[in-house]
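**Q** fold the following.
(one chain, ligands or ions: 1)
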Amino acid sequence: MSESNLPVQAIRWLAAENFGPDGPVLRLLDQTRLPGETVYLDLVTVAEVWQAIKRLSVRGAPAIGIAAAYGVCLACRDTGKRSFSEVMENCRGAAEYLATSRPTAVNLFWALNRINATLDKLDSAWARVTDPDRDNPAGWVLKQLVQTAIAIHDEDRRMCHEIGRIGAELLRDGDNILTHCNTGGLATSEYGTALSVCFTAQDHGKQLHVYVDETRPLLQGARLTAWELMQRKIPCTLICDNMAAHVMATKDVDAVIVGADRIAANGDTANKIGTYNLAVLANFHRIPFYVAAPSSTFDLSIGSGDRIPIEERQSEEITEGFGRRTAPIGVNVYNPAFDVTPGNLIEGIITEKGLIRPVTRAEIERVLQVT
Ligand code: MRU
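**A** Below is the predicted model of the structure:
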């Protein structure tokens, strides 16, 4: 792999072995500072992780889940000596608190459920623990929890590569792809979802060109996707979101590929605001519209997209995004961070378990092997 093809490492767990006053640390690449500055945040408290998720220093559905899983581990980091039940209470409280950071991406809750399941197991295992672990409840709980967080991180890496492999088969040499928001290594463990499809196609020798929607209001497309594609030397062209119809009408767009934050049982898909527009436009122009997402992004407990909670963010992101006021003081603002694309506008959902096509409840259950 050449220097420019090295995967982005947006999330790193450091010093796991050195549990003590100086460790461990959750190191995040601060995505709010890209592409201008490469700044890492070393987080040591649960509250710092909550803030990092809320303010989008770490963002993208899988990445939020991974960061939150490590975040609970930080609840064990304490200089004072605590009993086993105090440590467990802190961890459970941390999981509950981190779940309040962002409401839409189901990967956050999926990862925290896995962490909670580990905590439940530790409850019964503690009775059998002997010295020296018995004398260090926080250290022992940390060791077990980190294993689950690392497993979540590693699984996401594998799922993303599989999504890339399956999705790349849908693309031909020379294709023009249009994408929205950021779905690459920054948003996941390493390779991404929709961008993994592009990266893998490139690895397989296919030359692509990608139209990158700038992604108002926080410009994840302009700041992050263009950056990742350029690092990997994949030709790309940045467009404003409101140019997509014109681009589809006047340029050859072969496919639209986007990620997802939550997919309901019928295939309705929540993703970054502006995704639904693209699906409608793609349908009108008869361009296949694909979603790429790991199985951890499905929420089969809800029947359809109208039950997906949509995050609303502060008005300043629209009126004075990036520091300069662009709207009159006092104007009413509506700032939903996500929208829901109906499943019937989606040509296929690329998952690590296979391609879901057609997008129907039955096909989703079959590919995901839901019994
Ligand atoms: O608000 P963000 O930047 O977290 O939104 C991210 C997206 O909408 C992504 O498309 C989605 O999480 C998929 S990431 C692989």
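**Q** count of neighbours near the closest residue to the ligand within the chain?
**A** Minimum separation of the chain from the ligand (CB to the nearest ligand atom) falls at residue 259, amounting to 2.7 Å. (Glycine included, C-beta is placed from N, CA and C.) A count of nearby residues for residue 259, using other CB atoms under 10 Å, gives 31.
**Q** so what's it up against?
**A** Residue 259 sits next to 60-61, 181, 183, 187, 192-194, 271-272, 291-293 when contact means CB atoms under 8 Å, 6 or more residues apart in numbering.
**Q** ok, and the closest non-adjacent residue to it?
**A** Closest residue in space to residue 259, ignoring its immediate chain neighbours: residue 183 at 3.6 Å, by CB to CB, 6 or more residues apart in numbering.
**Q** tell me if the one you found really is in a strand.
**A** No: using DSSP: H, G, I helix; E, B strand; the rest coil, the secondary structure at residue 183 is coil, not a strand.
**Q** tell me which parts of the stretch 51-200 of the chain are close to the ligand?
**A** With the criterion set to CB under 6 Å from any ligand atom, the stretch 51-200 of the chain comes near the ligand through 56, 59-62, 105, 181, 183, 187-188, 192-193.
**Q** format those residues as CSV; extra columns: pLDDT, secondary structure and neighbour count.
**A** Shown next, in CSV, are those (pLDDT from 0 to 100; DSSP: H, G, I helix; E, B strand; the rest coil; neighbours: other CB atoms under 10 Å):
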residue, pLDDT, secondary structure, neighbour count
56, 98, coil, 18
59, 98, coil, 26
60, 98, coil, 29
61, 98, helix, 27
62, 98, helix, 33
105, 98, coil, 31
181, 98, coil, 28
183, 98, coil, 36
187, 98, coil, 29
188, 97, coil, 32
192, 97, coil, 31
193, 98, coil, 31
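**Q** in the stretch 51-200 of the chain, which spans are helices?
**A** If DSSP state H, counting those that start in this stretch is used as the criterion, the helices of the stretch 51-200 of the chain fall at 61-73, 84-98, 106-125, 137-168, 194-203.
**Q** for the stretch 201-350 of the chain, same thing?
**A** Using DSSP H, counting those that start in this stretch, helices in the stretch 201-350 of the chain cover 220, 226-231, 244-250, 275-284, 316-319.
**Q** any idea which of those helices is most buried?
**A** Greatest average neighbour count among the helices of the stretch 201-350 of the chain goes to helix 220 (a mean of 26), per mean count of other CB atoms under 10 Å.
**Q** that older thread, name the stretch among the helices of the stretch 51-200 of the chain that sits most buried.
**A** A comparison of the helices of the stretch 51-200 of the chain by mean neighbour count, using mean count of other CB under 10 Å, puts helix 61-73 on top with a mean of 29.
**Q** output the contacting helices and strands for that helix.
**A** strand 11-14, strand 25-29, helix 46-54, helix 84-98, helix 106-125, helix 137-168 (3 or more CB pairs under 8 Å, 6 or more residues apart in numbering; DSSP states H and E).
**Q** tell me what the longest one is packed against?
**A** This means helix 137-168. Counting by 3+ CB pairs under 8 Å, 6+ apart, the packing neighbours recorded for helix 137-168 are strand 11-14, helix 61-73, helix 84-98, helix 106-125, helix 194-203, strand 289-292, strand 348-351, strand 354-356.
**Q** still on that earlier bit, need the helices and strands packed on helix 61-73 in JSON lines (columns: distance to residue 205).
**A** Shown next, in JSON lines, are those (distance: least, CB to CB, whole Å):
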{"stretch": "strand 11-14", "distance to residue 205": "30"}
{"stretch": "strand 25-29", "distance to residue 205": "29"}
{"stretch": "helix 46-54", "distance to residue 205": "37"}
{"stretch": "helix 84-98", "distance to residue 205": "42"}
{"stretch": "helix 106-125", "distance to residue 205": "31"}
{"stretch": "helix 137-168", "distance to residue 205": "10"}
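**Q** and these as JSON lines, adding mean pLDDT?
**A** What follows is the helices and strands packed on helix 61-73, written out as JSON lines (pLDDT from 0 to 100):
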{"stretch": "strand 11-14", "mean pLDDT": "94"}
{"stretch": "strand 25-29", "mean pLDDT": "95"}
{"stretch": "helix 46-54", "mean pLDDT": "98"}
{"stretch": "helix 84-98", "mean pLDDT": "96"}
{"stretch": "helix 106-125", "mean pLDDT": "97"}
{"stretch": "helix 137-168", "mean pLDDT": "96"}
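**Q** just to revisit the earlier point, wait, which of the contacts of residue 259 is closest to residue 341?
**A** Nearest to residue 341 among those is residue 271, at 6.8 Å by CB to CB.
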